[in-house]
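Trainee: make a model of this:
(chains A and B)
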Amino acid sequence: MNNKIKILLNLMIVIAAIVFLAMLINMNAAIRYAHRDTEDPVESAQRQMAYKVSHRAYGEVVDTYYWKRSDYLEPPEGMEDLYHVAAYAHAAFMSRVYEESKDEQAVRENAEKMERLKKDLGAYAFSADEVDAMIKKAP
Amino acid sequence: MICQNCGAEVGPEEANCPKCNAENPFATQHRQNKKRFQKAYNNTKGRVIDSAQKTKGLATRAAILAVLIIGILIAAAVTRHEYEGPDPDKAARREAERHPDEYAKEAEQLLESRAYMEYVSFLYAHELQNFPPEQFEPLKKVTYVAMDYYECIKLMEQIVLRSDDPEYFDGLDTDIRNLGMYLESFFQVVKVQKEAEKNEAYLACMEDMEALLKAAMRTYFAMDEQQLEEFLSLSEVQKSVKLEEVFRHEQ
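Mentor: Okay, here's the model as predicted:
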């Protein structure tokens, strides 16, 4: 009986040793991953925004905005422009919806909101015109 | 001990009295007892040593196994910690669980102001979409509707504002397929939840979202009322095909 238990324990020790070795390798990889060189997230976000806007991919700007906003209601550092442009794009999208609904109060309030948002666009002020053109032209 | 013959002192192991040389009967008994006890002691000692020898290997192996398992657990914990990294905003997001009344009130205000996209973003940012505090229980039905509304509007914005640069990646097929799916879901969910909702204010929000979405569809799908009703009666796949025609201008 004791011999059988010893054999079982020997087997478990071998398996545990293999798993432990694998975990050590994995842990080493995790530590290297955590200390890897990474791009500055602010620069990265700004570069991606510039790229998307250069191709008039405001749909992707909006997509990133909603995705990021599911974690951060306020823009993280480097994403302020993205948040402002996307918020304007949403307001522009809704402007035609409110007009179609014939909701004059909503149309008026939305127009005021668009004016306020336009002032926050800074270097991306030209995006407002591009977005307006795309919304007007759709579908 | 006292000699029974002369009364002198006799040691228990002395066979004869040192004074009168009389035989000491207790010494014989003592020697016999001593032999018996020695034998029993040796037996017991042998058994204990045998038993220890048998289990000695087991204890060592068990100790090695325990050390390896502890090592595996520690390595797993370190690995997880290194891959996950710090999450400084987790505490901020969990704030809603600590002050549910305030957050429920803020959520209701967003609904009242018809900021449905903001409402859903608010729920996501504060991790209130799944298993929210009980203060959010009355908002459950309107939240189901709002979440589908959010996805539909988000996808419509992505499609309408997609890049017209032929060099840029075209994800229109995927967006249209997803939009078809969420439109199907929205109109099913809103029908069911409107029937179940007893609160007039939340019912009004659901009807408002339905009206806004239909207005968006009429605007951006270039459909009138009748065409929209026909479109809504199509299956999910048929909706996607129709939207392909609309957005690729093939109609």
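Trainee: any part of stretch A:45-55 near chain B?
Mentor: Yes: judged by Cβ under 8 Å from any Cβ of the partner chain, stretch A:45-55 comes into contact with chain B at A:Lys52, A:His55. Yep, even glycine has a C-beta here, placed from its N, CA and C like the rest.
Trainee: return the set of buried residues in that stretch.
Mentor: Buried residues in stretch A:45-55, defined by neighbour count with 16 or more other Cβ atoms under 10 Å in any protein chain shown: A:Ala45, A:Gln46, A:Gln48, A:Met49, A:Lys52, A:Val53.
Trainee: residues from the stretch 151-251 of chain B in reach of chain A?
Mentor: B:153-154, B:156-165, B:167-168, B:175, B:211-212, B:215-216, B:218-222, B:246-247, B:249.
Trainee: PyMOL command for the buried members of those?
Mentor: A single PyMOL command selects the buried members of these (16+ other Cβ under 10 Å):
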select buried, chain B and resi 153+154+156+157+158+159+160+161+162+163+168+175+212+215+216+218+219+220+221+246+247
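Trainee: close to chain A: what parts of the stretch 1-150 of chain B are there?
Mentor: Checking the stretch 1-150 of chain B against chain A by Cβ under 8 Å from any Cβ, the hits are B:54-55, B:57-58, B:61-62, B:64-65, B:68-69, B:71-72, B:75-76, B:78-80, B:82-83, B:85, B:89, B:93, B:114, B:117, B:121-122, B:124-125, B:150.
Trainee: I'd guess B:Phe169 is in a strand, am I close?
Mentor: No: per DSSP: H, G, I helix; E, B strand; the rest coil, B:Phe169 lies outside any strand segment and is coil.
Trainee: quick one, domains of chain A?
Mentor: Listed by automatic domain parsing, the domain ranges of chain A are A:1-37, A:41-137.
Trainee: hang on, the earlier thing: reformat the buried residues of stretch A:45-55 as TSV; add pLDDT and secondary structure.
Mentor: Output for those, formatted as TSV (pLDDT from 0 to 100; DSSP: H, G, I helix; E, B strand; the rest coil):
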residue	pLDDT	secondary structure
A:Ala45	87	helix
A:Gln46	89	helix
A:Gln48	91	helix
A:Met49	91	helix
A:Lys52	93	helix
A:Val53	94	helix
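Trainee: where's the nearest residue to A:Ile135 once chain neighbours are set aside, which helix or strand?
Mentor: What sits nearest to A:Ile135 in space, not counting adjacent residues and going by Cβ to Cβ, 6 or more residues apart in numbering or on different chains, is A:Ala92, at 4.8 Å. Of the helices and strands defined by DSSP states H and E, A:Ala92 is found in helix A:80-101.
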